[in-house]
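Undergrad: fold the following for me, if possible:
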Amino acid sequence: MIETQKNLAKPHSVHFDNREKGHITGVTKVVSSNDKELMLETHAGGLFLAGAGLRITKFNADEGYLSFEGTPNALKYTATKQPLLKRMFS
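TA: Just a heads-up that it's a prediction; the model follows:
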């Protein structure tokens, strides 16, 4: 059963090009952004990207694609929350 759930998971990837720009797939929402940080929601959980001169150059919520420019210095995931009913009955 777990293997089936993994196969149904939506893809998520992070790619950097020479620490000057990058793109992220599996993005569902941009929570906040400024030149020092991007806070995103992805299929793999929350994602925090810190750096300098960060700027979103393209975001397509339907495709889950985000591209950005700037110098990334740190990348951190936050845990995904389980649905309330699952937390109550597990």
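
Undergrad: quick check: mean pLDDT of stretch 27-41?
TA: The predicted model gives stretch 27-41 an average pLDDT of 96.

Undergrad: ok, and what's touching it?
TA: 24, 42-43, 46-56, 59, 61, 64-66, 68, 70 (CB atoms under 8 Å, 6 or more residues apart in numbering). Quick note: C-beta positions are derived from backbone N, CA and C, even for glycine.

Undergrad: can you give me the neighbour number for Gly22?
TA: When neighbours are counted by other CB atoms under 10 Å, Gly22 registers 20.

Undergrad: what helix or strand is it on?
TA: Gly22 is part of strand 21-25, with elements assigned from DSSP states H and E.

Undergrad: ok, back up a step: mind checking which of the contacts of stretch 27-41 are buried?
TA: For the contacts of stretch 27-41, a burial check counting by 16 or more other CB atoms under 10 Å picks out Ile24, Thr42, Gly46, Leu47, Leu49, Gly51, Leu54, Phe59, Gly64, Leu66, Phe68, Gly70.

Undergrad: ok, which pair from those residues is furthest apart?
TA: Taking CB to CB as the measure, the buried ones among the contacts of stretch 27-41 span a maximum distance of 21.2 Å, between Gly51 and Gly64.

Undergrad: about what we covered before: the helix or strand following the strand holding Gly22: which residues count as buried?
TA: Per DSSP H and E, the first helix or strand lying C-terminal to strand 21-25 is strand 27-33. Going by neighbour count (16+ other CB under 10 Å), the buried part of strand 27-33 is Val27, Ser33.

Undergrad: strand 27-33 pairs with which strands, parallel or anti?
TA: The pairing partners recorded for strand 27-33 under DSSP bridges are strand 37-42 (antiparallel).

Undergrad: okay, the angle between the strand it pairs with and strand 21-25?
TA: Here strand 37-42 points in a direction 20 degrees away from that of strand 21-25 (axes from the mean of the first three to the mean of the last three CA atoms, to 10 degrees).
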